[in-house]
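Undergrad: Curious how this folds, go ahead:
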Amino acid sequence: MEFQLEAVQFFTRIVTLASLGLAITAIGCGLAMSFGIKAAVEGIARNPESSGKVTVSMLIGLALIEALAIYVLVISLILIYATPMVGTVTEMLQAL
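TA: Prediction:
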């Protein structure tokens with residue numbers, strides 16, 4: 001019984017930390033994207049002839065920022081589903 005309680009506590013901590021990591025990453029990526037788009041729009045407003053180059057650079061930068069969020073999502077899913085105690089937690093949830 002004590003092992004099951006420890007498994008549930010560990011799993012709860014992992015899920016909480018994964019959720020917190022995703023929230024922080026979403027906030028950071030959102031801010032970074034907004035700053036990048038703001039700078040690109042200001043650059044195009046100052047020099048409309050460079051809109052093609054600025055747009056391409058902005059899109060590449062946005063893709064790299066979004067990749068950061070995807071990496072955090074993948075790591076969070078690995079932490080949640082690859083923990084050694086998932087079997088115990090799953091069995092307990094099925095017993096309910």
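Undergrad: From Pro84, how far off is Leu5?
TA: Separation of Leu5 from Pro84 (C-beta to C-beta, to the nearest Å) stands at 16 Å. Backbone N, C-alpha and C define where each C-beta goes, glycine included.
Undergrad: Over to Ile78?
TA: Separation of Ile78 from Pro84 (C-beta to C-beta): 13 Å.
Undergrad: all helices of this protein, in order?
TA: 2-46, 51-81, 86-95 (DSSP state H).
Undergrad: Can you lay out these as JSON lines showing mean pLDDT and mean neighbour count?
TA: Shown next, in JSON lines, are the helices of the chain (pLDDT from 0 to 100; neighbours: other C-beta atoms under 10 Å):
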{"stretch": "helix 2-46", "mean pLDDT": "90", "mean neighbour count": "13"}
{"stretch": "helix 51-81", "mean pLDDT": "92", "mean neighbour count": "13"}
{"stretch": "helix 86-95", "mean pLDDT": "76", "mean neighbour count": "12"}
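Undergrad: Wait, Glu66 touches Cys29, no?
TA: Yes. Between Glu66 and Cys29 there is a contact under C-beta atoms under 8 Å: 6.8 Å.
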